[in-house]
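> Only the shape, not the letters, is given here:
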């Protein structure tokens, strides 16, 4: 009886302790209806963390008590952490420790690395200035035979799983890995057969992409430009002149719908009316279809083309100047009738 009197209070205390322990560590403490949420954590910003976590939990008091005991608060890491619905503080803390989840980073059609840095900075933690600095890092460029004009070539437009807390260098290096994967044996062989380097293929693809928005026409456009390269003719590609105008006047926000004769005289390595060969780098970020259109170009005899007024988005092709001038006159009449003078 004496022992029973002792055991009963001990059992009650043990039960109270067990209930309290369960309530603090394992009783569901989330307050959202979705199956899961993502919490964005910045390592050294405790105030932002408190504001964020408070939106998704019922009891801040018990969460912080458990987080302190599990030594999380003094060891927070930057990242995007997935937290499941209806879990307790113990699992919430473990999710914040171990459940860093990638984001789906997407980019395409960027004219310059400055634009790319801005686009990516909206999808991961790092700012555009830090990203741009990593893209233009002198040692990185030298080690990979790149320069500031062609470094955008290594960024193949696609969607990539990237950790939100990736450093600018981590992101850049991951893109280089993806670039090397993209240039598999088949694509590399095709580039050699054409007589172009990988970087030259991408520069040409950037012109092809802007010249034609129609995927089915791009191989034909690519074939025309390859014919010109083989004949050592100037490419005379209007998209390179448009890029030249923007670069010359340092205004990449301007919209240019018509190239004028005076524009053809602008001094720039990008102006293919002034210089033979490809520009020193891409004039935009070509998508995969444009790159493959160059690698699988149509073998034809065309040397000239002009927009087709009767088939919007497509072009009229010619293998000689006489035929081209006829096509061109029809185009000029059409564009003048539309009142497009710039």
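That came through, no problem. If you're wondering where the values come from, they're calculated on a predicted model, not measured in any experiment. Numbers count the residues shown, from 1 in each chain.
> Please parse this structure into its domains.
Under the assignment named as automatic domain parsing, the residue ranges that make up the domains of the chain are 20-98, 105-182, 195-337.
> Give me the average confidence score over the longest one.
Averaging pLDDT along domain 195-337 gives 94.
> hey, where'd the strands end up in the chain?
In the chain, the strands defined using DSSP state E lie at 36-41, 79-84, 102-107, 158-163, 304-307, 315-318.
> How about the residue most central in space within the chain: what's its closest non-neighbour residue?
Nearest to the mean C-alpha position of the chain, counting by C-alpha atoms, centre = their mean, stands residue 107 at 2.8 Å. The shortest distance from residue 107 to any residue other than its chain neighbours is 4.9 Å, reached at residue 119 (C-beta to C-beta, 6 or more residues apart in numbering). C-beta here means a position set from N, CA and C on the backbone, and glycine is covered the same way.
> Retrieve the pLDDT associated with the one you found.
As predicted, residue 119 sits at a pLDDT of 97.
> Same check on the one 10 residues further on?
Among the per-residue scores, residue 129 shows a pLDDT of 98.
> how far away is it from residue 117?
When distance is defined by C-beta to C-beta, to the nearest Å, residue 129 is 8 Å away from residue 117.
> what about these two, which has more around it?
A side-by-side neighbour count of residue 129 and residue 117, using other C-beta atoms under 10 Å, places residue 117 first with 23 against 13.
> is it true that the residue nearest to residue 107 touches residue 112?
No: Residue 119 is not in contact with residue 112 according to C-beta atoms under 8 Å; the separation is 10.8 Å.
> between those two, which one's more packed in?
A side-by-side neighbour count of residue 119 and residue 112, using other C-beta under 10 Å, places residue 112 first with 21 against 18.
> That one reaches residue 252, doesn't it?
Yes: the pair residue 112 / residue 252 is scored as a contact, 6.8 Å apart, by C-beta under 8 Å.
> Enumerate every residue touching residue 279.
Residues in contact with residue 279 (C-beta atoms under 8 Å, 6 or more residues apart in numbering) are 203, 207, 240, 243, 269-270, 272.
> Could you find the closest non-adjacent residue to it?
residue 270 (4.4 Å).
> Could you pull up phi and psi at the nearest residue to residue 76 once chain neighbours are set aside?
With sequence-adjacent residues excluded and distances taken as C-beta to C-beta, 6+ apart, residue 76 is closest to residue 43, at 5.3 Å. Backbone torsions for residue 43, taken as degrees, to the nearest 10, come to phi -50, psi -50.
> Start the count at 43 instead of 1 going forward.
Yes, from this point I'll number from 43; that puts the last item at residue 85.
> Looks like residue 85 contacts residue 116 (just checking).
No: the pair formed by residue 85 and residue 116 falls short of the contact definition of C-beta under 8 Å, at 10.8 Å.
> neighbour-wise, which of the two wins?
residue 85 (12 against 7).
> quick one: contacts for the residue lying closest to residue 329 once chain neighbours are set aside?
Nearest-residue entry for residue 329: residue 199, 4.8 Å, with adjacent residues in sequence omitted and distances by C-beta to C-beta, 6+ apart. With contacts taken as C-beta under 8 Å, 6+ apart, residue 199 has the following neighbours: 149-151, 327-330.
> same thing with residue 128?
Neighbouring residues of residue 128 by C-beta under 8 Å, 6+ apart: 70, 72.
> State the pLDDT value of it.
Listed pLDDT for residue 128 reads 96.
> Pretty sure residue 326 sits against residue 153.
Yes: A contact is recorded between residue 326 and residue 153 when judged using C-beta under 8 Å, the distance being 5.1 Å.
> which residues do the two both contact?
Overlap of the contact sets of residue 326 and residue 153 (by C-beta under 8 Å, 6+ apart) consists of residue 285.
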